[in-house]
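Colleague: coordinates for the following, if possible.
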Amino acid sequence: MTTPDLPTPQHAASDIPAPRTQQRVDDEPLRLVTSFNDIFVVIASWLLSFGIVWLTIALPSWLQMLVAAAVTWGLSEIFVRRRRMALPALCFSFSFVSTCALLGFGNASLLHQGGESVRASMSAWTLVATCLCTAFGAALFWWRFRVPAVVAMGLAGVVIVVWAHAIVLLDENVGVWLLVGNVAAGLAIFLWALRWDAQDPQRTTIRSDVAFWLHLLSACMVTHPIFWMLAPHHPGAVIAVFVVLTAISLAIDRRALMLSSLLYVMSAILRLFMTSPASDGEFYTASSASLPATAVVVGGVLLLLSVFWQPSRKAVLRLLPAVWRARLPR
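Modeller: Numbers count the residues shown, from 1 in each chain. Presented below is the predicted three-dimensional model:
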């Protein structure tokens, strides 16, 4: 009796199909790197841009920024529009939007001279010009290359510019109003992100990717001011707000709100683990096991939530009106 020839190890390895991973919609698919060539291109592009900016340092700042923007645009035509590379798309988007913002500021060379020069050059004119150039740059890059993150980058740039000018130009009592305005703007962006999500409930188009970055931006703008006002003296309120944000995250099927508030809830739980107050009644001391115990509690709860995300989401959706559920991702 003859035995069949066994395949050689090389043939056996080549005959085994590569494992396929089926990603669920609930996992929020996100492509940051398409290949190692992405990293290679980003490093090479950074070297090229650094050299060009250095060689053009003698030019007027507005012309230097135009050259930098043109270089970024040309690289995007090759690596973003034609080759659709993920990481270069993110880096070139940020580079183009930030260059447009510096162009609107009017004198980018001031950034190399220290904080006093920058503050002295700020005015209502630079505020309007920088916001308009930032928004126009983001809109232009989106129109040409359809990079999902550039929409959120443009909005983030406008918010940063407004914050910087408000702190410099307005009085010292503007801090509270800035926080309130930040939350209001974050809620508006959050609602806009939900609108993008509603247009793609199955998350199969670029609209879902745009919504992801808008949710990430709005989460930072909403959660940080709220927790700054609650922490560290109201740890119970911090945990309660985190529970509410978790329910909202489950309903909209996005994790950005939870991620942006993670450090605050860990700080609140750590404070609850703390022992008796010190002698002056103001400061508290924590045992050596408080921090690892907090990490175990928070990490364990989040992992359980990740495993049972779909059942938990179904439970939350049952509490919502049918009209709302129809517009949420399925």
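Colleague: roughly how far apart are the most centrally placed residue in the chain and Val33?
Modeller: By CA atoms, centre = their mean, the chain has its centre lying nearest to Leu216, at 4.3 Å. Applying CB to CB, to the nearest Å, the value for Leu216 to Val33 is 18 Å. The C-beta positions use only the backbone N, C-alpha and C, and glycine is treated the same way.
Colleague: let me know the pLDDT of the spatially closest residue to Met229 that is not a sequence neighbour.
Modeller: Take Met229 and drop its neighbours on the chain: the residue closest to it by CB to CB, 6 or more residues apart in numbering is Leu179, 7.2 Å away. Per-residue confidence (pLDDT) for Leu179: 88.
Colleague: tell me who's in contact with Leu179.
Modeller: Pro225, Trp228, Met229 (CB atoms under 8 Å, 6 or more residues apart in numbering).
Colleague: try Gly154
Modeller: Residues in contact with Gly154 (CB under 8 Å, 6+ apart) are Val97, Thr134, Ala135, Gly137, Ala138, Ala139, Trp142.
Colleague: my read is Val33 is in a strand, agree?
Modeller: No - according to DSSP: H, G, I helix; E, B strand; the rest coil, Val33 belongs to no strand; its state is coil.
Colleague: pLDDT below threshold where in this protein?
Modeller: Confidence mapping of the chain against pLDDT under 70 gives the ranges 1-26, 107-120, 171-173, 275-289, 330.
Colleague: make it 80
Modeller: Where the chain drops to pLDDT under 80, the residues are 1-29, 106-123, 170-175, 232, 273-291, 329-330.
Colleague: out of the contacts of Gly154, which comes closest to Val210?
Modeller: Looking at the contacts of Gly154 and their distance to Val210, the nearest is Trp142, at 8.8 Å (CB to CB).
Colleague: picking up where we left off before, can I get the contacts of Leu179 in TSV including distance to Asp253, neighbour count and secondary structure?
Modeller: As requested, these are exported to TSV (distance: CB to CB, whole Å; neighbours: other CB atoms under 10 Å; DSSP: H, G, I helix; E, B strand; the rest coil):
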residue	distance to Asp253	neighbour count	secondary structure
Pro225	24	19	helix
Trp228	27	11	helix
Met229	28	14	helix
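Colleague: just the buried members of the contacts of Gly154?
Modeller: Buried members of these, counted by 16 or more other CB atoms under 10 Å: Val97, Thr134, Ala135, Gly137, Ala138, Trp142.
Colleague: output the host helix or strand of the second one as PDB - backbone C-alpha positions only.
Modeller: So the one you mean is Thr134. Using DSSP states H and E, Thr134 sits in helix 124-145. Once non-C-alpha atoms are left out, helix 124-145 reads as follows in PDB (Å, rounded to 0.1, in the frame of the first residue of the first chain):
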ATOM      1  CA  ALA A 124      -9.800  91.100  16.600                       C
ATOM      2  CA  TRP A 125      -8.400  91.200  13.100                       C
ATOM      3  CA  THR A 126      -6.100  88.200  13.600                       C
ATOM      4  CA  LEU A 127      -9.000  86.300  15.300                       C
ATOM      5  CA  VAL A 128     -11.300  86.700  12.300                       C
ATOM      6  CA  ALA A 129      -8.600  86.200   9.700                       C
ATOM      7  CA  THR A 130      -7.200  83.100  11.400                       C
ATOM      8  CA  CYS A 131     -10.600  81.500  11.900                       C
ATOM      9  CA  LEU A 132     -11.600  82.200   8.300                       C
ATOM     10  CA  CYS A 133      -8.300  80.800   6.900                       C
ATOM     11  CA  THR A 134      -8.500  77.700   9.100                       C
ATOM     12  CA  ALA A 135     -12.100  77.000   8.100                       C
ATOM     13  CA  PHE A 136     -11.400  77.700   4.400                       C
ATOM     14  CA  GLY A 137      -8.300  75.400   4.400                       C
ATOM     15  CA  ALA A 138     -10.200  72.500   6.000                       C
ATOM     16  CA  ALA A 139     -13.100  73.000   3.600                       C
ATOM     17  CA  LEU A 140     -10.800  73.100   0.600                       C
ATOM     18  CA  PHE A 141      -8.900  70.000   1.700                       C
ATOM     19  CA  TRP A 142     -12.200  68.100   2.300                       C
ATOM     20  CA  TRP A 143     -13.500  69.200  -1.100                       C
ATOM     21  CA  ARG A 144     -10.500  67.800  -2.900                       C
ATOM     22  CA  PHE A 145      -9.400  64.800  -0.900                       C
END
